[in-house]
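> model the following, please.
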Amino acid sequence: MTAVMTVLGIVVFVLGLLFSIAWHELGHLSTAKMFGIRVPQYMVGFGPTIWSRRRGETEYGVKALPLGGYIRMIGMFPPGDDGRIEARSTSPWRGMIEDARSAAFEELQPGDENRLFYTRKPWKRVVVMFAGPFMNLVLAVVVFLGVLMGFGINTQTTTVGSVSDCVISQAEALKKGGTCPKGAPDSPAKAAGLRPGDRIVAFNGRPVQDWATLQSSIRDTVGPATIGVVRDGENLVLRADLIKNQVGKVDGRGNYVEGEYVTAGFLGFTPASGIVQQSFGQSVDRMGDMISSGVESLIALPSKVPDLWNAAFNGAEREPDSPMGVVGAARVGGEVFTLDVPAGQRVATMLMLVAGFNLSLFLFNMLPLLPLDGGHIAGALWESLRRAVAKVFRRPDPGPFDVAKLMPVAYVVAGVFVCFTLLVLVADVVNPVTLS
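Numbers count the residues shown, from 1 in each chain. Just a heads-up that it's a prediction; the model follows:
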């Protein structure tokens, strides 16, 4: 049964992946057609074509490898300085430029002269290239909101999970497995009579509804404090005498910083975790944190290469925040469906995985590097700036910016991406990230 659920999870993730790719390319397709650009092909996947149908002037199809997708627009690059588009140089670097230019004019038909991508105003080209990543962002936001507000997420609550028996620093507790040293005083929570299952509803007379607020209030307090709890349906007020102690440091998102501690107020209990539906405001805050984390992860990608290499070839432990490729994410998708949790929570976790993939697609494609969408956006913005400057200084119009001249750089960037993707693939196969 586990094997069946694993396969089902992988299939569901792959379907979500294909939909995300198709949704991305639909953004490009719809805006290109809106601006009158001819689009001969709309394809989901790479490699051999599995299925295709022609509707009007566009061929729609699915290819064998679900690693991306594309639409082909006529005239992605302008003609060369001499007005020609065919390859004509023996220089390998120049040949790359001319090959890209020639490919941009494949299937050019009579009447296409006014339907070329490069002839559109820069802002229209920006819209066309931004529309793909934007569709992924929209999908990610909608799914995140639906899961956070509809299903809820596993988070720490104000309900008491366990009560510490004694006062001990968090660093010592980790070393000794929570065992109290001889002569250690009772924790303030134990002395006050706090019990597992108590739901804390107020601290020092102020209502508390979430763990972050309660944790902050506890850490800011040293000395006498009142704790309002609900126990077996009865409201009680307990009195505790909080002390200073070494506790784990938390970052701005409320996550513990590994190996770092601070001195703060200490009560001495561990909160219980549970599935909690988020309000719209809380969901927006969490999405903001996710986007911020995504940007930080993207910036940190080069620093992850040594750890990936060691995990792939030297048997080192795979870091929990290690980058994953499609294969790794599909394996995690398979694990999701085998979790010993309610079916609704499995669905929610899978949706969060697909939403996270879409957020990554948005951020990655916005990098201002060819051949990514962000590279074409940067080229259109640069052209717009050049033309604006020429107009201000009454100089001749410099014309379209020839993005094709950057194709050698694009090939280098693509080569780096391919090498990184292969490294991640090897790590995902031999030393995959697993759910804990």
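> now the helices for the stretch 1-150 of the chain?
2-34, 92-104, 122-146 (DSSP state H, counting those that start in this stretch).
> would you single out the least confident of those?
Ranked by mean pLDDT, those bottom out at helix 92-104, with a mean of 52.
> where are the low-confidence patches of the stretch 251-400 of the chain?
Applying pLDDT under 70 to the stretch 251-400 of the chain flags the ranges 252-257.
> let's see it at 80
Along the stretch 251-400 of the chain, the model assigns pLDDT under 80 to residues 251-261, 320-321, 340-341.
> what about the strands in it?
256-266, 269-276 (DSSP state E, counting those that start in this stretch).
> ok, which of these comes nearest residue 111?
Ranking the strands of the stretch 251-400 of the chain by proximity to residue 111 (CB to CB) places strand 269-276 first, at 58.4 Å. Where you see a C-beta, it was placed from the backbone N, CA and C, and this is true even at glycine.
> buried residues in the closest one?
The neighbour-count check on strand 269-276 (16 or more other CB atoms under 10 Å) flags 269, 271-272 as buried.
> which neighbouring elements make contact with it?
Under the contact criterion of 3 or more CB pairs under 8 Å, 6 or more residues apart in numbering; DSSP states H and E, strand 269-276 touches strand 153-163, helix 211-219.
> any chance of those in a markdown table, plus mean neighbour count?
Below are those laid out as a markdown table (neighbours: other CB atoms under 10 Å):
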| stretch | mean neighbour count |
| --- | --- |
| strand 153-163 | 18 |
| helix 211-219 | 19 |
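> need the outlier residue of the protein, farthest from its centre.
Ranked by distance from the centre of the chain (CA atoms, centre = their mean), the top residue is residue 183, with 48.4 Å.
> tell me what angle the longest strand seen in the chain forms with helix 211-219.
When the chain is parsed with DSSP state E, its longest strand is strand 234-250. If you take axes from the mean of the first three to the mean of the last three CA atoms, to 10 degrees, strand 234-250 sits at 80 degrees to helix 211-219.
> now strand 234-250 against strand 256-266, angle please.
Going by the same axes, to 10 degrees, strand 234-250 makes 130 degrees with strand 256-266.
> buried set for strand 234-250?
238, 240, 242, 245-248, 250.
> for that strand, which helices and strands make contact with it?
For strand 234-250, the packing partners by 3+ CB pairs under 8 Å, 6+ apart are helix 170-176, helix 188-192, helix 211-219, strand 223-231, strand 256-266.
> could you dump the third one to CSV, C-alpha only?
Output in CSV follows, covering the C-alpha atoms of helix 211-219 (Å, rounded to 0.1, in the frame of the first residue of the first chain):
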residue,chain,number,x,y,z
TRP,A,211,2.4,31.4,20.3
ALA,A,212,4.5,34.2,18.9
THR,A,213,2.8,36.9,21.1
LEU,A,214,2.9,34.7,24.2
GLN,A,215,6.6,33.7,23.6
SER,A,216,7.5,37.4,23.2
SER,A,217,5.6,38.4,26.4
ILE,A,218,7.3,35.6,28.4
ARG,A,219,10.8,36.6,27.2
